[in-house]
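1. What would the 3D arrangement of this be:
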Amino acid sequence: MEIVAFCCHNSLDNIKSIQKDTSVKVNLLPCSSKIEVGHLLSTFETGVDAVMVIGCQKGKCQFVDGSSLAKGRVLYTKRLLNEIGLGEEKIEFFTPANSEEFLEAVEMMKNRTYKTYN
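-> Predicted coordinates for the structure are as follows:
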C-alpha cells in the first residue's frame, strides 16, 4: 500500500517520527494551499492508493487561509474522483495537532483503503 501525504511544513512538529512509516511518502509544501487539483489527480495516475493533504489547524496558518483553500481543493477532488469511479475515500484533508495525530490519520487512511480493496 502506498499513501502520499502533501504536508504544510508548519503543520507538523516532528517530521522524522512521521517518516518511520514507509508506506507514506511525505512531500513538504511551503503551505497546503500550494497543492492544486490537477496535481492531486495526477498523483493517482502514478498508482498510489491514497492521498492525504495536511494543513495547519484553524488560526495557525502563516498564510491566513491556506488550510481552507487546500480543504476546498480536496473537496473538489473528491467529487471528481467519484465522477471517474475511483471514490472519494481515497483522498482526505487533515489538520493534525502533532505527529501522533498524523500517524492516527495515516492508520485511518490505511484502513479505509484496505476496506475499499476488500
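2. Quick check on the most centrally placed residue in the chain: phi, psi?
-> By CA atoms, centre = their mean, the chain has its centre lying nearest to residue 52, at 1.5 Å. Its backbone dihedrals place residue 52 at phi -120, psi 140, with angles given as degrees, to the nearest 10.
3. How about residue 50?
-> Backbone torsions for residue 50, taken as degrees, to the nearest 10, come to phi -160, psi 160.
4. got the contact list for it?
-> Under the criterion of CB atoms under 8 Å, 6 or more residues apart in numbering, the contact partners of residue 50 comprise 1, 3-4, 90-92, 109-110, 112-113. In short, each C-beta sits where N, CA and C put it, glycine included.
5. Report the buried members of the residues you listed.
-> 3-4, 90-92, 109-110, 113 (16 or more other CB atoms under 10 Å).
6. where do the strands sit along this structure?
-> Remark: strands of the chain, listed N- to C-terminal, are 3-8, 24-29, 50-54, 91-94; assignment by DSSP state E.
7. contacting residues around stretch 51-66?
-> Everything outside stretch 51-66 that qualifies as a contact, by CB under 8 Å, 6+ apart, is 3-8, 10-12, 24, 31-35, 40, 43-44, 67, 70-71, 73-74, 90-97, 102, 105-106, 109.
8. now the helices for this protein?
-> Along the chain, the stretches classed as helices by DSSP state H are 15-18, 37-45, 66-83, 99-117.
9. what's the most buried one of the ones you listed?
-> helix 66-83 (a mean of 18; mean count of other CB atoms under 10 Å).
10. give me the number of residues near the closest residue to residue 104 other than its chain neighbours?
-> Leaving aside its chain neighbours, residue 104 sits nearest to residue 96 (7.7 Å; criterion: CB to CB, 6 or more residues apart in numbering). Residue crowding around residue 96 was assessed by other CB atoms under 10 Å; the count is 22.
11. these two touch, right, residue 41 and residue 77?
-> Yes. Between residue 41 and residue 77 there is a contact under CB atoms under 8 Å: 6.5 Å.
12. Dig out what the residue nearest to residue 7 when sequence neighbours are not counted forms beta bridges with.
-> If the residues on either side of it in the chain are set aside, residue 7 comes closest to residue 54, at 4.0 Å by CB to CB, 6+ apart. Judged by DSSP bridges, the bridge partners of residue 54 are residue 7, residue 94.
13. That's all I had, so thanks and see you.
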